[in-house]
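*Asks:* sequence and predicted structure, then a few things I'm wondering about:
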Amino acid sequence: MNTAERIYAEIKRMPEEQTHQVLAFIEAVKKQGAVPGRTLREQIYCMSPEELKKKALAAQASFPRVDQAQLAKEFADMRDEWDRTS
């Protein structure tokens with residue numbers, strides 16, 4: 001018996017009010033991509049490695065690219081300014 005069949009077997013035995021709660025839970029999971037009431041750490045532990053990698057790459061893509069040469073120059077300028085004021 002797969003997971004969907006097990007869920008269906010349980011749902012058939014539940015009172016109608018509880019089945020509405022289960023349906024609301026399913027809709028929340030589909031909408032949010034997460035289980036309501038779980039902490040971020042709990043949500044991460046429940047993700048597959050593939051899903052976690054996908055989300056990490058999406059988050060990384062949202063950060064601006066940094067020009068390493070420009071960054072090194074800015075740090076050098078800050079060090080020079082610090083040395084002049086010390």
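*Replies:* Sure thing, it's come through.

*Asks:* burial of residue 47, as a residue count?
*Replies:* The burial metric for residue 47, expressed as a neighbour count using other Cβ atoms under 10 Å, is 14. (Each C-beta comes from the backbone N, C-alpha and C, glycine too.)

*Asks:* name the helices or strands packed onto the helix-or-strand element of the chain with minimal mean pLDDT?
*Replies:* Sorted by mean pLDDT, DSSP states H and E, the helices and strands of the chain end with helix 40-46, the least confident at a mean of 79. Here helix 40-46 touches no other helix or strand, going by 3 or more Cβ pairs under 8 Å, 6 or more residues apart in numbering; DSSP states H and E.

*Asks:* would you mind writing the CA trace of that helix as PDB?
*Replies:* Below are the C-alpha coordinates for helix 40-46, written out as PDB (Å, rounded to 0.1, in the frame of the first residue of the first chain):
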ATOM      1  CA  LEU A  40      12.600  26.400   9.400                       C
ATOM      2  CA  ARG A  41      15.000  23.800  10.800                       C
ATOM      3  CA  GLU A  42      12.200  21.100  10.900                       C
ATOM      4  CA  GLN A  43      11.200  22.000   7.300                       C
ATOM      5  CA  ILE A  44      14.800  21.700   6.100                       C
ATOM      6  CA  TYR A  45      15.200  18.300   7.700                       C
ATOM      7  CA  CYS A  46      12.100  17.100   5.900                       C
END
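
*Asks:* after that helix, which helix or strand is next?
*Replies:* Of the helices and strands lying after helix 40-46 in sequence (DSSP states H and E), the nearest is helix 49-61.

*Asks:* can you list contacts of that next one?
*Replies:* Taking contacts as Cβ atoms under 8 Å, 6 or more residues apart in numbering, the residues outside helix 49-61 that touch it are 44, 47.

*Asks:* so how far is the helix or strand just after that helix from its chain's centroid?
*Replies:* Tracing the chain past helix 49-61, the next element assigned as helix or strand by DSSP H and E is helix 68-85. Here the centre of helix 68-85 is set off from its chain's centre by 36 Å, with Cα atoms, centre = their mean, to the nearest Å.
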